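Need coordinates for the below:
(one chain, ligands or ions: 2)
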Amino acid sequence: MNNKVQITFPDGTVKKYGQGICPREIIDDIGSRALSEKAVIAKVNSDSVDLNHHIMHDADLQIITYDAPEGLHSYWHSTSHIMAHAVKALFSEAQFGVGPAIESGFYYDIDIDSRITPEILEQIEKKMQEIIDADRPFVRREYSRSQAVDVFTKEHDKYKLELLQDMQDEVASTYSEGDFVDLCRGPHIPSTGKIKNFKLLSIAGAYWRGNEKNKMLQRIYGISFPKKKQLEDYLNVLEEAKKRDHRKLGKELELFLMTPKVGGGLPLWLPKGTIVREELEAFLKEEQRKRGYLPVVTPHIGSLELYKTSGHYPYYKDSQFEPIKADEQEYLLKPMNCPHHFQIYASKPRSYRELPVRLAEFGTVYRYEQSGELNGLTRVRSFTVDDSHMFVRPDQLKAELCEVIELIKLVFETLGFKDFKTQMSFRDPANKEKYGGSDEQWQLAQSDIQEAADSLGLNYDIVEGEAAFYGPKLDFMIRDVLGREWQLGTVQVDYVMPERFALEYIGSDDQKHRPVVIHRAPFGSIERFVAILIEHFAGAFPVWLAPVQVTILPISDEYLSYANKINERLRTARVRVEVDERNEKIGYKIRGAENQKVPYMLIVGKKEVESGKVSVRKHRKGDLGQSTVDDFLKTIAEEIETKSLN
Ligand SMILES: [Zn+2]
Ligand SMILES: [Zn+2]
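Ligands and ions are numbered 1, 2, ... in the order given. The predicted model follows:
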């Protein structure tokens with residue numbers, strides 16, 4: 001008896017095959033050489049499986065190629081197995097932590113006695129190439145948990161044994177290519193020969209399971225691609241990204257400082273960085289003022305009770321600092337500004353006529369991040385949110401969302417991020433009980449967000465199940481000059497907090513009603529946003545943001561008094577200007593200003609003093625010729641005023 005299974009393809013066509021058929025054979029049957037070349041894994045119904053997985057029941061089948069993000073991830077993760085295999089071949093005592101694919105590439109955490117040097121990385125790469133050339137198939141085996149424990153006891157791998165101990169499933173799977181066996185859920189590419197181009201990139205220390213109390217393992221990062229050009233492009237971007245690294249530029253341009261004397265993840269903003277930050281704040285505050293936002297200021301701590309009401313404590317306890325005790329009361333360093341703003345809203349009766357109430361604050365918040373997770377300004381323990389909470393009537397929600405989205409668009413466009421996309425996170429319709437608010441409220445909010453986005457021509461994806469428990473949200477992702485994606489601003493609709501904090505307004509019917517709250521932050525975190533700007537502009541900020549906008553360079557001390565006179569004029573006109581008074585050659589001074597990425601240099605010597613002019617030089621553009629101080633002032637003032645990006 002030969003049972004048949006019915007396979008449904010993504011385009012809706014249906015075909016019957018013998019029970020136990022695998023995706024690999026189906027690809028052969030379809031006869032597409034391109035698909036066969038690119039296929040990495042498959043999806044049977046919604047489960048990701050190997051290409052030689054036996055299909056036992058009727059199913060929807062989707063072949064995943066390495067052109068799809070999920071396929072590429074599996075490609076990367078498979079490369080991490082090959083890397084671990086190579087390490088084991090070179091260091092037989094090696095034990096392994098975890099080896100996942102990450103946003104780009106993969107890593108593996110390794111416990112060996114030798115310190116992994118760049119020379120050792122090369123040896124590992126060589127070994128990997130041998131494994132790839134041998135084109136060994138990835139073989140999946142399934143075990144009961146106790147059998148799997150036997151396997152990894154034999155392998156002497158205490159980390160895998162620990163992982164097995166914590167596993168919930170009764171069945172454990174392993175993958176092996178040749179003589180290397182790894183504990184893994186899979187799926188994997190069919191064989192090692194699929195990996196065409198790879199490179200090991202760097203080595204870092206990483207605590208086992210991210211916990212400082214555990215042993216520090218050595219983490220090797222790597223990348224792989226099907227095509228040589230992809231690898232080359234990736235390495236070029238990486239090289240350029242290194243030059244633009246905000247931690248490096250932050251030091252060179254004296255923007256911010258991190259010191260263990262203050263504490264990890266607690267940035268100190270230096271004068272130049274503070275100017276960038278304050279300009280950004282001033283820009284947004286002015287736009288908010290025009291739109292009727294009301295400024296508020298709230299303290300950095302709040303009663304623990306406040307966060308119990310909001311539901312943040314104890315649910316987010318692990319990401320917050322321990323409470324502070326004073327006068328028999330407990331306080332929390334504020335992890336968010338919302339509860340404080342709610343108290344301001346609730347401090348007096350509100351009428352439907354005064355809504356929307358828009359409270360805004362550049363509020364500094366504190367999160368406990370694992371020390372291993374801290375990274376420059378992008379992962380910190382203290383950051384400032386350009387926070388605002390709008391308290392609106394349900395009938396005002398859509399219009400208010402439109403305004404908010406428009407403001408976020410303006411912020412991005414002003415800073416030159418033309419390429420951005422948005423993700424709409426809706427609730428999971430199959431798990432409604434996970435969320436607060438009524439069906440009606442959710443339907444209204446989701447359609448309001450979508451209609452607002454449509455009316456503004458946003459390009460968006462809808463992801464069901466990604467909403468916050470209190471309401472749907474809209475997240476903005478920008479792409480920087482290197483093509484890297486960053487998640488920035490967010491807009492969230494909230495029905496739950498107004499309920500928890502019993503917020504009200506008196507409607508036109510003289511009855512009490514509950515407002516809807518919109519939480520929004522275009523920059524998100526100022527720290528992170530400045531980090532992205534530093535890297536996006538490679539430290540060469542547009543004039544309106546540049547900490548020093550003009551440097552005056554006298555050719556010699558003789559012209560210092562002329563330089564100082566111009567300095568005075570520009571300063572009075574509120575231009576941020578400096579005179580390079582050092583007794584150095586002019587070429588040296590120009591190089592210094594170029595390195596500091598000052599937008600304009602004004603060179604003054606004999607000719608300039610005699611004609612009463614200045615010689616203008618622009619960063620990266622070079623000599624622009626002579627100009628009167630008035631003309632120069634007019635040019636720069638206009639660039640500042642219009643927030644020009646040139
Ligand atoms: Zn794996
Ligand atoms: Zn909020």
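
Not counting sequence-adjacent ones, nearest residue to L560?
P554 (5.2 Å; CB to CB, 6 or more residues apart in numbering). Bear in mind the C-beta positions are built from the backbone N, C-alpha and C, glycine included.

bridging residues for that neighbour?
Counting by DSSP bridges, P554 is bridged to V604.

Report how many residues lie close to it.
By other CB atoms under 10 Å, 26 other residues sit near P554.

And S202, by the same measure?
S202 is flanked by 12 other residues according to other CB under 10 Å.

That one reaches L238, doesn't it?
No: contact criterion CB atoms under 8 Å: S202 and L238 do not qualify, at 9.7 Å.

The longest helix along the chain: what's the following helix or strand?
The residue-count maximum for a helix in the chain (DSSP state H) belongs to helix 69-90. Next along the chain after helix 69-90, taking DSSP states H and E as the criterion, comes strand 95-96.

Please parse the protein into its domains.
The record's domain split for the chain, according to automatic domain parsing, is 4-65, 72-235, 257-298+337-536, 550-641.

Out of these, which is closest to ligand 2?
Ligand 2 sits nearest to domain 257-298+337-536 of all those, at 3.3 Å, using CB to the ion.

Just confirm the residue nearest to L560 contacts E608, I think it does.
No: using CB under 8 Å, P554 is not in contact with E608, being 9.4 Å away.

any common contacting residues for the two?
Y562 (CB atoms under 8 Å, 6 or more residues apart in numbering).

Get me the contact residues on this structure for ligand 2.
Residues of the chain lying close to ligand 2 by CB under 5 Å from the ion are 338, 519.

quick revisit: can you give the distance of the longest helix of the chain from its chain's centre?
On the basis of CA atoms, centre = their mean, to the nearest Å, helix 69-90 is displaced by 24 Å from the centre of the chain it belongs to.

How about stretch 186-203?
25 Å.

Check the separation of the first and last residues in it.
Using CA to CA, to the nearest Å, one end of stretch 186-203 lies 25 Å from the other.

What of stretch 388-400?
End-to-end distance of stretch 388-400 (CA to CA): 12 Å.

Stretch 59-75 now?
End to end - CA to CA - stretch 59-75 spans 24 Å.

Return the distance of that stretch from the chain's centre.
With CA atoms, centre = their mean, you get 24 Å for stretch 59-75.

What residues of that stretch count as buried?
Residues of stretch 59-75 classed as buried: 59, 61-66, 68, 70-75 (neighbour count, 16 or more other CB atoms under 10 Å).

now stretch 148-155
148-149, 151-152, 155.

With pLDDT as extra columns, can I get these in JSON lines?
Formatted as JSON lines, the buried residues of stretch 148-155 follow (pLDDT from 0 to 100):
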{"residue": "A148", "pLDDT": "89"}
{"residue": "V149", "pLDDT": "89"}
{"residue": "V151", "pLDDT": "87"}
{"residue": "F152", "pLDDT": "87"}
{"residue": "E155", "pLDDT": "80"}
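
need the residues you listed in JSON lines with distance to L90 and secondary structure, can you?
Below are the buried residues of stretch 148-155 laid out as JSON lines (distance: CB to CB, whole Å; DSSP: H, G, I helix; E, B strand; the rest coil):
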{"residue": "A148", "distance to L90": "25", "secondary structure": "helix"}
{"residue": "V149", "distance to L90": "26", "secondary structure": "helix"}
{"residue": "V151", "distance to L90": "22", "secondary structure": "helix"}
{"residue": "F152", "distance to L90": "20", "secondary structure": "helix"}
{"residue": "E155", "distance to L90": "16", "secondary structure": "coil"}
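
Let me know the closest of the residues you listed to Y234.
E155 (33.0 Å; CB to CB).

ok, that closest one - contacts?
Contacts of E155 by CB under 8 Å, 6+ apart are V181.

Kindly report the same for the one 3 residues further on.
K158 sits next to Q95 when contact means CB under 8 Å, 6+ apart.

Look up how far E558 lies from it.
For K158, the distance to E558 (CB to CB, to the nearest Å) stands at 74 Å.

Repeat that for V44.
With CB to CB as the criterion, V44 and E558 are 82 Å apart.

who's more crowded, these two?
Legend: neighbour count by other CB under 10 Å for V44 and E558, higher for V44 (19 against 12).

wait, that one sits on I63?
No: V44 is beyond contact range of I63, at 10.5 Å (criterion: CB under 8 Å).

which residues do those two both contact?
P23.

and the direction of the helix or strand encompassing M128 versus that of helix 69-90, what angle?
Element membership for M128, per DSSP H and E: helix 118-133. Helix 118-133 runs at 110 degrees relative to helix 69-90, counting by axes from the mean of the first three to the mean of the last three CA atoms, to 10 degrees.

From the rest of the structure, what touches the helix or strand following helix 118-133?
Next in sequence after helix 118-133, counting helices and strands by DSSP H and E, comes strand 139-144. The contact list for strand 139-144 (CB under 8 Å, 6+ apart) reads 50, 151, 170-177, 186-188.
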